[in-house]
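Student: prediction below, plus the sequence it came from.
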Amino acid sequence: MKTQTKQLDRRSFIKVSALAGGGILIGLYTEPQLLSQQPGAAPAPTPVNPGTFITVHPDNTFTIIAKNPETGQGIRNALPMVIADEFDVDWKQVKIQQSDLDDKYGRDMGAPAVRQIEGGSTATPQNYTPMRNVGAAARMMMVATAAKQFNVSATELTTESGVVTHTRSGRKATYATLAQAALSMPPMQIADIKLKDQKDFKILGTRVPGVDNPAIVTGKPSFSIDVNPPGMLYAAFEKCPVFGGKVSSANVDDIKKLPGVKHAFIVPASEPRPANAPPGPNVSWASGVAIVAETWWHAQNARKQLKVVWDEGPVASQSSAGYMAQIKALASKTSEPPAGGGPRSTKEGDVEAAFKTAAKIVEAEYDFPLLAHAPLEPQNSTAWYKDGKLEIWSPSQIPQFANAAVPAGIQNTDVTFHLVRAGGGFGRRLVSEYDIEVSKIARMVADERVKAGQPSVPVKLVWSREDDMGHDNYRPAGYHYFKAGLDANGKLIAFRDYVASYGNTSVIPANEFPRGFVSNFWVGEGQISPFNIPTGALRAPSTNGISFVMQSFIDEIAVAAGKDPLQYRLDLLANPTANAPAFTEASFGAPFNARRAIGVLEAVRDMSDWNNRSKLPKGTGKGVAFQFAHSGYVAYVVQVSVDANKKLKIDKAWAAIDIGNQIMNVSQAENLVQGGFVEGMSHMMAWEITIDKGRVVQANFNNYQPTRMRQVAPATVEVKFLKTNYSPTGLGEPSLPPAPPAIANAIFAATGVRLRALPLAKQGYSWT
Amino acid sequence: MPYTLKINGQSKTVDVPADMPLLWVLRDVLNMKGTKFGCGIGACGACTVQLNGRAVRACQTQVSTVGNQEVRTIEGLSSDGSHPLQKAWLQLDVPQCGYCQAGQLMNAAALLARTPKPTDADIDAAMTGNLCRCGTYLRIREAIHLAANGGRKA
């Protein structure tokens, strides 16, 4: 295989670009300067200062900082576990403290470009080595201090459980006695830090329960919505149901008279980019009516009396039916040669010529819908503006000072930003309108109160479930016109996908398998316009939809070829073309590595007894799918049973996963994979957002049904992590994308019916 | 108007409108934040509490209808996290985000009180109204069995 630099284009790295509403889209390009807190050139590595992360207590216990936002992915455990393991202390000696937002954490772990964000399955690969450096530097400082005290060479000393030992003399010193001198040593250069051998890890790779579990199971305030500073008022915020609509007028004087209501006012929309915005994120907000009351119920209840005259704007003429009409009109363009190159299209070989020579042609249309994220904790944020400063408690996955500072009309340095556990993220909290809105509302409330001689108070904004479902940044939909050509032996010789894209380009599989494994490969695109529904990253952006269409259509091709669908994938992977990515030892951000894909496919074949699937009873079948997503490799085999009434049951799923040479926390890792599969079941069966007159039709869980317990059979998801020689990468996202196609392919195996559109409920299916 | 509620064995008097849901009385008046708001329409189960041992949705329970019934919330499931379900939840490391788990626990506790040794089908029937967006259902079911078995795996 030859090296192809263009293969590094699309899915290689992390792209962060500004979105309206203070969001950052985690995409796929690298732009390190955008990953840093301050725009500009990517900062150089800095010395490691472990005292920022570790506090040593007199009883030889340790408080370790968890610096990243926790939304349920387990990072509040994982990053401190890395520090503790290298520091050579026992987990039972460790207490965890969540940090605020502060540049010092990146700087003092030696990687100032790495931000405190939860997105793109980046936290593990970006922080693993820096966290190791922090723990190892701290350990070395303890050893150096003990060496001086004992008057021996540091090489004669060992550490364990927070104690330095000089074996020859039997002398010991606890970290507690050494800490004052040790942790005031100058920061260490990364080159001078010696890491543990991975085989000596004692905490990483074990099962470590979530540090917040005791608080969660006893109902202690743990989440952003539970934050309750003294004197707090509660806000509801009514926005135009039509995207881009504005308030013309509202009966706020009537609302102010309602029980419990303390303030009510119109919040004007920001200018597209406020004049005082610093370089970087696009901090802007929609207009709406804020109602601030003594409880959230009073504020929400007052909305029933609210009468708003909206200027709905041009989006009110858009609807899902109109988008579909445009999609159908694009069908005539599917054979136009794509431009080729970049993230939007690919042109390798000549598919049209190859189709003419093909022994067999397979054509199919596939689509997947817009999706809302629907994390269970509704969007919320709490802000307290007082005397030119603002304190905010936020569940954001991508906390940013500017989201508070700009709407409050103050500088970033006047903001104290607390990161509070969030009840689910899934990408929804990569866009943090609620941080912006609450900061604006808190400032307006404070100004009103100061004028009236009242003290400034904290304000908690809570969105209703309906607010969230109607004002999300939706997983973009995609409509795919596929055509494939096979030779007389069933070999894939041409593959074409023409995508009617709406939302954004992440639905275009320009660099997706089987690219690089078929000589003629075209991906083209036609855009729907106008389309003004906000879209954003849902767990495993791009592949969460692409995997369904690509892995289903590959399956269809294998069946047309008369081949075993799993073996057909292996055969493709074993025969790269000149356009395949070069083999690389790199892991995070590296291009697709066929060897790793082969590894997970072979493992899942063996786990699932795939080769004996012909013995399954009628109405039962096994399907396979694999996906490369966010640097991880996941293959599923799923067994389903389907009855004559289209009642569907998932009997069993097997997952083989390669995310490198170190699982941080086995318990959390298995939980995340099972959860990713269960989320895939929701995408499969029931989830769809539709648009009517510029507004979202679905409003709540009653018409946006997530998977329920009775649909998940006991011991459904069996998980195996392959240990490979690649550096560890993230797991929040990769387990989701191949779940829907594996289920769809199993349904085909069980029934002979090929499912080409999601969700299945629209086609008469339901869970048993 | 004033209502005197019996919550976790304590008497609490609140002065609130008759139609205020128990959820918001608990959360925003009594500052008991353990009971969670998820949907407001009784479709997610995050706000599950018990009235006289029966699992109900606090977002659909107007304060005026509570009367003398004993309200039990997650804060009162045990005084110290020692309820068998809480111990099972910790042992199996059930939560991901954790937001639904208070409601799951309150519903599961009501189930075990009336069906001490539930089958998988009993659990599914009782628990299917409590959604977990993170998908921890396998562990929730296993934890209920674990608690029913006195902390020993079956």
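Tutor: Yes, it's here.
Student: ok, now which ones touch the residue of chain A found nearest chain B?
Tutor: Across chain A, the shortest distance to chain B (Cβ to the nearest Cβ) belongs to A:G219, at 2.3 Å. (C-beta placed from N, C-alpha, C; glycine too.) Neighbouring residues of A:G219 by Cβ atoms under 8 Å, 6 or more residues apart in numbering or on different chains: B:M32, B:K33, B:G34, B:T35, B:T73, B:I74, B:E75, B:L77, B:A102.
Student: same question, B:T13
Tutor: B:P2, B:Y3, B:T4, B:L5 are the contacts of B:T13 under Cβ under 8 Å, 6+ apart.
Student: repeat for A:S682
Tutor: Contacts were defined as Cβ under 8 Å, 6+ apart; by that measure A:S682 touches A:Q705, A:P706, A:T707.
Student: please tell me how far the last one sits from A:V549.
Tutor: Remark: distance between A:T707 and A:V549 (Cβ to Cβ, to the nearest Å) = 21 Å.
Student: neighbour-wise, which of the two wins?
Tutor: Set A:T707 next to A:V549 and count neighbours by other Cβ atoms under 10 Å in any protein chain shown: A:V549 wins out with 29 against 26.
Student: I figured that one hits A:Y479, correct?
Tutor: No. Using Cβ atoms under 8 Å, A:V549 makes no contact with A:Y479, being 9.2 Å away.
Student: residues shared between the contacts of the two?
Tutor: A:Y366, A:D367.
Student: quick check: next helix or strand after the lengthiest helix in chain A?
Tutor: For chain A, the helix with the greatest residue count under DSSP state H is helix A:123-150. Tracing the chain past helix A:123-150, the next element assigned as helix or strand by DSSP states H and E is strand A:157-160.
Student: so which elements touch that following strand?
Tutor: helix A:123-150, strand A:163-166 (3 or more Cβ pairs under 8 Å, 6 or more residues apart in numbering or on different chains; DSSP states H and E).
Student: now that strand: buried residues?
Tutor: Within strand A:157-160, the residues scored as buried using 16 or more other Cβ atoms under 10 Å in any protein chain shown are A:L157, A:T159.
Student: tell me the strands beside that strand, with direction?
Tutor: Take DSSP bridges as the rule and strand A:157-160 pairs in its sheet with strand A:163-166 (antiparallel).
Student: show me what the longest helix of chain A is packed up against.
Tutor: strand A:54-56, helix A:75-87, strand A:157-160, strand A:163-166, strand A:171-174, helix A:175-182.
Student: which of these sits closest to A:V227?
Tutor: Closest to A:V227 of these is helix A:75-87 (Cβ to Cβ; 16.5 Å).
Student: quick one: mean pLDDT over the closest one.
Tutor: Mean pLDDT, computed over helix A:75-87, is 98.
Student: so that helix versus helix A:175-182, what angle?
Tutor: 80 degrees (axes from the mean of the first three to the mean of the last three Cα atoms, to 10 degrees).
Student: pretty sure A:D564 contacts A:L601?
Tutor: No. Between A:D564 and A:L601 there is no contact under Cβ under 8 Å: 11.3 Å.
Student: okay, domains of the chain per the record?
Tutor: All of this refers to chain A. A:45-214, A:224-313+A:379-462, A:321-371+A:474-767 (automatic domain parsing).
Student: look at chain B instead
Tutor: Using automatic domain parsing, the domain ranges for chain B come out as B:2-74, B:84-148.
Student: mind putting the ones you listed into a markdown table with mean pLDDT?
Tutor: Converted to a markdown table, the domains of chain B look like this (pLDDT from 0 to 100):
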| stretch | mean pLDDT |
| --- | --- |
| domain B:2-74 | 98 |
| domain B:84-148 | 98 |
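Student: now for these, which one comes closest to A:K618?
Tutor: domain B:84-148 (24.8 Å).
Student: distance from the closest one to the middle of the chain?
Tutor: Taking the mean of its C-alpha atoms, domain B:84-148 sits 10 Å from the chain's own mean (Cα atoms, centre = their mean, to the nearest Å).
Student: so for that domain, first residue to last residue, what's the gap.
Tutor: Terminal residues of domain B:84-148 lie 8 Å apart, using Cα to Cα, to the nearest Å.
Student: the residue of chain B found nearest chain A - nearest residue in space that isn't next to it in sequence?
Tutor: Ranked by Cβ to the nearest Cβ, the top residue of chain B for proximity to chain A is B:G34, at 2.3 Å. Leaving out its chain neighbours, the residue that sits closest to B:G34 by Cβ to Cβ, 6 or more residues apart in numbering or on different chains is A:G219, at 2.3 Å.
Student: now swap in A:N700 and tell me
Tutor: Nearest one to A:N700, counting by Cβ to Cβ, 6+ apart, is A:R465 at 5.0 Å.
Student: do B:M32 as well
Tutor: Closest to B:M32 by Cβ to Cβ, 6+ apart is B:L26, at 4.6 Å.
Student: ok, the one you found - contacts?
Tutor: B:I7, B:M32, B:T35, B:V49, B:A58, B:T73.
Student: run a quick neighbour tally on the residue of chain B closest to chain A.
Tutor: 25.
Student: surely it is within a helix?
Tutor: No. Going by DSSP: H, G, I helix; E, B strand; the rest coil, the assignment for B:G34 is coil, not a helix.
Student: got phi/psi on it?
Tutor: As for B:G34, its main-chain torsions (degrees, to the nearest 10) stand at phi -70, psi -30.
Student: now swap in A:L601 and tell me
Tutor: Per degrees, to the nearest 10, the backbone of A:L601 is at phi -70, psi -40.
Student: any idea how far A:L570 is from it?
Tutor: 6 Å.
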